[in-house]
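1. The following comprises the amino acid sequence and a computationally predicted model.
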There are 2 protein chains.
Amino acid sequence: MRMSPARMSRETLLPLLAAHVMAHGLADASLRPLARAAGTSDRMLIYHFGNKDALVAALLDYLVARFADALDSAFPQARSASRRACAETVYAVTGQPAFAPFRRVWWDIVAGCSAGNAAYLAAAGGMMEVLLEWVVDHLPASDPDPAAGARAVLTAIEGAQALRAVGRGDIAEAGLAALEGRPA
Amino acid sequence: MRMSPARMSRETLLPLLAAHVMAHGLADASLRPLARAAGTSDRMLIYHFGNKDALVAALLDYLVARFADALDSAFPQARSASRRACAETVYAVTGQPAFAPFRRVWWDIVAGCSAGNAAYLAAAGGMMEVLLEWVVDHLPASDPDPAAGARAVLTAIEGAQALRAVGRGDIAEAGLAALEGRPA
DNA sequence: ATTCGAATGTAGCGAGTGCTACACTTGTAG
DNA sequence: CTACAAGTGTAGCACTCGCTACATTCGAAT
């Protein structure tokens, strides 16, 4: 009676690792708890990824991809009626409980960027690129300058998210409401 | 020949501790490096503050006060000509090197809030209150709704700061530029 | 001068950190 | 069947973490 050794690879490990990180945060994720969550040992994580930095880098790539997936599946397909409506839609959707883990790791990433971590910078760039494209595609077709509009919307969204994260969702909502209701 | 024992208290310690935190970040500040920076031992930090959580709480209070000071001394006295100009002023001033340490710890605080840390939430609330009041006071006198205007400006500023932190200052600046140039 | 409590130094505990050494078992290629 | 490399388990290293026990020194009140 011998269990299959359940051969592992980066690919089979990453979803389990990502689940643990989204549940417990990225900032203070350490090898042994990660390994426990994935049903392995710290020894094997190092074996498969080389060292912790490489593991985190792989994890960030994976999380960016999952974030893109989550956007595609959770967001309405239709374009918004205005920049303001677009921003409020993104704010509402990314405020759903399903996005809480992403919000959690997002601020870990921002803090890491602010501390000068290059891997985090790359991941943050990826996430912003994904979001920016999504916003461009969902701006009103009548928007005179979708590129500029998307940047305005994204700036407002990030600010609203930050304010919500620190318990000042009231400011965030008032801020979004002040976005111009119709394309300029 | 006996040196004065340099009696210490929370009050004499806090500036030194704060300096270390602003230089090296709040997230992974640990007792022994903090003590070294303040010319003491971890033992004494615990003695004066009780435990690390209380120390961090005191440190956050102190940092909020220093942030308020820095705002008062670094910002122009005059009111801005528009909401957009006000936002761009704050963005420019808080982008100065003198504010880099505050930006650094700010994102540590936001990440801590997102992880559910109550002390961080209180500190973040304090910082936002300070900033909100400053914005209200510097909006054009002609602004029809300074309370709403300040919230709009603050949301845009926070978003711009976040984007700048992750290396997308280009988006931030485009976003601020799209704020209405004259009071609505 | 004596006493007493506040302040401080030294040493260490138990837990957790990233990572490694070494032995061992597999599945597969020759 | 044998040889070999990929994969895995066990144990441990050198370190940091927050915190504590214990002994000492110091300044001020009596």
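-> Looks like it arrived, so ask away. Numbers count the residues shown, from 1 in each chain, chains lettered A, B, ... in the order given.
2. Next, the spatially most central residue of chain A: secondary structure please.
-> Nearest to the geometric centre of chain A sits A:F102, at 4.5 Å (Cα atoms, centre = their mean). Secondary structure state of A:F102, per DSSP: H, G, I helix; E, B strand; the rest coil, is helix.
3. Count the residues that sit near the closest residue to it other than its chain neighbours.
-> Distances taken as Cβ to Cβ, 6 or more residues apart in numbering or on different chains place A:F67 nearest to A:F102, at 5.6 Å, with adjacent residues excluded. To be clear about C-beta, it is placed using only N, CA and C from the backbone, and glycine gets the same treatment. By other Cβ atoms under 10 Å in any protein chain shown, 21 other residues sit near A:F67.
4. And A:V93, by the same measure?
-> A:V93 has 15 neighbouring residues, counting by other Cβ under 10 Å.
5. which residues does it contact?
-> A:V93 makes contacts with A:A74, A:F75, A:F99, as judged by Cβ atoms under 8 Å, 6 or more residues apart in numbering or on different chains.
6. A:E180: which of those residues is nearest?
-> Comparing these against A:E180 with Cβ to Cβ places A:F75 closest, at 21.7 Å.
7. so what's the closest one closest to, chain neighbours aside?
-> Using Cβ to Cβ, 6+ apart, the nearest residue to A:F75 is A:V93, at 5.7 Å.
8. Mind checking if the longest helix along chain A is in reach of DNA strand C?
-> In chain A, with assignment by DSSP state H, the single longest helix is helix A:52-74. Yes - counting by Cβ under 7 Å from any atom of the strand, DNA strand C is contacted by helix A:52-74 at A:K52, A:D53.
9. buried residues in that helix?
-> A:55-60, A:62-64, A:66-68, A:70-71 (16 or more other Cβ atoms under 10 Å in any protein chain shown).
10. What pLDDT does the model give the residue nearest to A:R66 when sequence neighbours are not counted?
-> In this structure, A:R66 finds its nearest non-sequential neighbour in A:A18, 6.6 Å apart by Cβ to Cβ, 6+ apart. Looking at A:A18, its pLDDT is 98.
11. how about A:A18, what does it touch?
-> Per Cβ under 8 Å, 6+ apart, neighbours of A:A18: A:L59, A:Y62, A:L63, A:R66.
12. contacting residues for the second one?
-> Spelled out, it's A:Y62. A:L14, A:P15, A:L17, A:A18 are the contacts of A:Y62 under Cβ under 8 Å, 6+ apart.
13. Quick check: the gap between it and A:Q77.
-> 26 Å (Cβ to Cβ, to the nearest Å).
14. Flag every residue of chain A that's near DNA strand C.
-> Checking chain A against DNA strand C by Cβ under 7 Å from any atom of the strand, the hits are A:2, A:5, A:29-33, A:42-43, A:46, A:51-53.
15. for the residues you listed, which one is nearest A:G159?
-> Once Cβ to Cβ is applied, the member of those that ends up nearest A:G159 is A:A29, at 27.3 Å.
16. count of neighbours near the closest residue to the closest one other than its chain neighbours?
-> Closest residue in space to A:A29, ignoring its immediate chain neighbours: A:V21 at 5.4 Å, by Cβ to Cβ, 6+ apart. Residues lying near A:V21 (other Cβ under 10 Å) number 24.
17. Establish whether the helix or strand that contains A:V21 and DNA strand D are in contact.
-> According to DSSP states H and E, A:V21 maps onto helix A:10-24. No - against DNA strand D, helix A:10-24 shows no contacts by Cβ under 7 Å from any atom of the strand, the least distance being 9.2 Å.
18. Measure how that helix sits relative to helix A:52-74, angle-wise.
-> Angle, helix A:10-24 to helix A:52-74, by axes from the mean of the first three to the mean of the last three Cα atoms, to 10 degrees: 80 degrees.
19. of all the residues in chain A, which ones are close to DNA strand D?
-> Going by Cβ under 7 Å from any atom of the strand, the residues of chain A near DNA strand D are A:P5, A:A6, A:R7, A:M8, A:S9, A:T40, A:S41, A:D42, A:R43, A:M44, A:Y47.
20. can you give me the helices in chain A?
-> A:10-24, A:31-38, A:42-49, A:52-74, A:83-93, A:100-114, A:118-138, A:146-165, A:169-177.
21. which of the residues of chain A next to DNA strand C count as buried?
-> By neighbour count, with 16+ other Cβ under 10 Å, these hold A:A29, A:L31 as buried.
22. Of the residues of chain A next to DNA strand C, which one scores lowest on pLDDT?
-> Lowest confidence among the residues of chain A next to DNA strand C: A:R2, with 36.
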